[in-house]
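Asks: need a structure here:
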Amino acid sequence: MDKNDLEDKEQSGQTKEDDLDIAQLFILIGKGFTGIINFIAHLLKTIFGWFLLFLIFIRGNLKKMMLAALIGGSLGAVYQYALKEVQYESSMTVEPNFGSTVQLYKNIDYYLSLVKQDDFESLASSLNISKEEAASISWIEIEPYSNENQVLLSFKDFIAELDSNAVKHLDYKTFSKEQPIESFKYHVINITSKDKYVFTKLASPIINSISSNSYYNKVKATANKNLILKKSALESSMIELDSLRELYKKVLLTESANENSGTNIFMSETGSVTKEVDVFDKYLVMNEELIKVNEKLTTENEVVNVVSSFNAIGMKVKTWYKNFAVIGFFAGFTLMFLLISIRKLDQQLVNYKNQH
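Replies: Numbering: from 1, shown residues only. Below you'll find the predicted structure:
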């Protein structure tokens with residue numbers, strides 16, 4: 001046997017060993033997948049079994065739990081419609097300016113803390129109402145008015161104030177989940193009271209608690225002064241641009257009359273952008289800026305704008321999850337479920353103890 005034959009046999013043996021290793025690897029991978037599939041199947045089977053046991057448990061004790069639910073619902077209904085005082089609610093939508101949103105939230109939280117502490121004397125003093133009217137207030141809160149369109153506008157305004165590097169690390173999805181309250185344009189103040197006529201008395205004190213702040217008044221005065229100056233500058237510039245447009249128009253008409261050729265005028269208008277067109281574009285840009293300035297002068301005339309105030313008469317609270325008849329129904333059902341479950345568990349523990 002020569003040297004080449006020996007090398008061929010060695011290579012053939014090496015190839016067979018490699019094939020065996022690959023085959024064993026595939027077998028191990030196959031066993032791994034089979035084990036995972038079996039585990040998942042066993043887990044699903046176990047969960048389904050527990051689910052069936054739960055349904056059997058509910059079916060066997062449904063009458064008891066429904067009876068407890070009806071008793072709880074009946075007791076809740078008696079309290080809701082016979083014993084509990086009628087609650088009324090109303091809301092006011094506001095638009096805070098000059099960074100006053102945070103202070104507005106702090107004030108509302110302060111009012112709510114007084115309600116929770118039953119400190120109606122301090123609440124009456126803060127809201128400029130009688131102590132009896134303050135005692136009628138059972139809840140006060142504020143929340144941002146939010147919808148998809150408002151979130152998009154807030155995101156646009158928010159990133160406009162950031163530099164390009166900061167914008168790279170912020171996306172719309174993250175912003176919508178962690179949106180700061182200051183970025184919302186409108187906010188809704190909700191109040192619940194036993195007195196349906198008290199709401200109109202609360203609007204002015206709540207707004208004045210922010211508007212009377214000297215800091216916000218200074219910021220408002222400075223902002224309005226700057227807007228008026230900008231408006232005056234824009235109007236002056238637009239007058240000059242308008243005069244310049246008229247001058248260019250006269251020049252074109254003079255050249256047209258001298259050349260006595262409509263073709264030359266056509267070529268001038270359809271050629272490169274003329275000075276007249278540049279002036280007109282600048283005029284349009286300034287006009288848009290002037291519109292924005294006028295809008296700001298209107299919306300930023302007050303520290304807090306009232307978009308819609310409280311109703312003259314509050315509406316009865318009809319939210320189903322605040323109804324004690326509903327609460328009693330679910331509470332009775334849940335309580336009976338827990339009692340039966342504890343009893344069954346106790347029986348299982350006693351049986352396990354006796355068997356061991």
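Asks: show me the contacts for the residue lying closest to Asn97 once chain neighbours are set aside.
Replies: Spatial nearest neighbour of Asn97, excluding adjacent residues (C-beta to C-beta, 6 or more residues apart in numbering): Glu300 at 5.1 Å. Where you see a C-beta, it was placed from the backbone N, CA and C, and this is true even at glycine. When contacts are counted by C-beta atoms under 8 Å, 6 or more residues apart in numbering, Glu300 is found next to 97-98, 220, 223-224, 227.
Asks: only the buried subset of these, as a PyMOL command please.
Replies: This is the PyMOL syntax for the buried subset of the contacts of Glu300, where burial follows 16 or more other C-beta atoms under 10 Å:
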select buried, resi 97+98+220+227
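Asks: can the contacts of Glu300 go into a markdown table with extra columns for distance to Ala82, pLDDT and secondary structure?
Replies: Formatted as a markdown table, the contacts of Glu300 follow (distance: C-beta to C-beta, whole Å; pLDDT from 0 to 100; DSSP: H, G, I helix; E, B strand; the rest coil):
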| residue | distance to Ala82 | pLDDT | secondary structure |
| --- | --- | --- | --- |
| Asn97 | 47 | 91 | coil |
| Phe98 | 49 | 89 | coil |
| Lys220 | 51 | 90 | helix |
| Ala223 | 55 | 89 | helix |
| Asn224 | 56 | 90 | helix |
| Leu227 | 58 | 90 | helix |
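Asks: between the contacts of Glu300, which sits nearest Ser146?
Replies: Distance to Ser146 across the contacts of Glu300 (C-beta to C-beta) is lowest for Asn97, with 18.7 Å.
Asks: which residues touch the residue lying closest to Trp139 once chain neighbours are set aside?
Replies: Among residues not flanking Trp139 along the chain, Thr192 sits closest, at 4.0 Å (C-beta to C-beta, 6+ apart). If a contact means C-beta under 8 Å, 6+ apart, then Thr192 has 87-89, 137-140, 317 as its contacts.
Asks: isn't there a strand covering Ile313?
Replies: No. Assigned with DSSP: H, G, I helix; E, B strand; the rest coil, Ile313 falls outside any strand and is coil.
Asks: for the closest residue to it other than its chain neighbours, which three-state class applies?
Replies: In space, and not counting its chain neighbours, Ile313 is closest to Lys196: 5.3 Å by C-beta to C-beta, 6+ apart. Under three-state DSSP, Lys196 falls in the coil class.
Asks: next one: Lys196 from Met315, what distance?
Replies: From Lys196 across to Met315, the span is 8 Å (C-beta to C-beta, to the nearest Å).
Asks: show me what the helix or strand harbouring Ile191 pairs with in its sheet, parallel or antiparallel.
Replies: Assigning secondary structure by DSSP states H and E places Ile191 in strand 187-193. Sheet pairing of strand 187-193 (DSSP bridges) gives strand 88-96 (antiparallel), strand 137-144 (antiparallel).
Asks: can I get that strand as CSV, trimmed to CA atoms?
Replies: What follows is strand 187-193, C-alpha atoms only, in CSV (Å, rounded to 0.1, in the frame of the first residue of the first chain):
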residue,chain,number,x,y,z
HIS,A,187,-56.5,70.5,31.8
VAL,A,188,-59.8,69.5,33.4
ILE,A,189,-60.7,70.3,37.0
ASN,A,190,-63.4,67.9,38.4
ILE,A,191,-65.3,68.6,41.6
THR,A,192,-67.8,66.4,43.4
SER,A,193,-70.1,68.0,46.0
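Asks: more neighbours: which of Lys196 and Met315?
Replies: Lys196 (18 against 13; other C-beta atoms under 10 Å).
Asks: go ahead and confirm that one touches Phe310.
Replies: No. In this structure Lys196 lies outside contact range of Phe310 using C-beta atoms under 8 Å: 10.8 Å.
Asks: quick one on the thing from earlier: of the strands paired with strand 187-193, flag the one that's most buried.
Replies: Counting by mean count of other C-beta atoms under 10 Å, strand 88-96 has the highest mean neighbour count of the strands paired with strand 187-193, with a mean of 21.
Asks: ok, and what's touching that strand?
Replies: Taking C-beta under 8 Å, 6+ apart as the rule, strand 88-96 contacts 104, 145, 185-196, 199, 203, 206-207, 210, 299, 303-311, 313-317.
Asks: Ser183 versus the residue nearest the centre of the chain, what's the distance?
Replies: For the chain, Ser146 is the residue whose C-alpha lies nearest the centre (C-alpha atoms, centre = their mean; 5.1 Å). According to C-beta to C-beta, Ser146 stands 10 Å off from Ser183.
Asks: ok, Lys322 next?
Replies: Distance from Lys322 to Ser183, by C-beta to C-beta: 30 Å.
Asks: could you do Asn208 as well?
Replies: Asn208 sits 25 Å away from Ser183, going by C-beta to C-beta.
Asks: what of Asn294?
Replies: Going from Asn294 to Ser183 by C-beta to C-beta gives 24 Å.
Asks: those two: which is more packed in?
Replies: Ser183 (16 against 13).
Asks: leaving out chain neighbours, which residue sits closest to the more buried one?
Replies: Looking at Ser183 with C-beta to C-beta, 6+ apart, the closest residue is Ser154, at 4.3 Å.
Asks: I'd like the mean pLDDT over the helix or strand hosting that neighbour, please.
Replies: Element membership for Ser154 (DSSP H and E) is helix 148-160. Averaged across helix 148-160, the pLDDT comes to 73.
Asks: one more: stretch 117-131?
Replies: On average, stretch 117-131 scores 92.
Asks: what about that stretch, distance to the chain center?
Replies: Distance, stretch centre to chain centre, for stretch 117-131: 32 Å (C-alpha atoms, centre = their mean, to the nearest Å).
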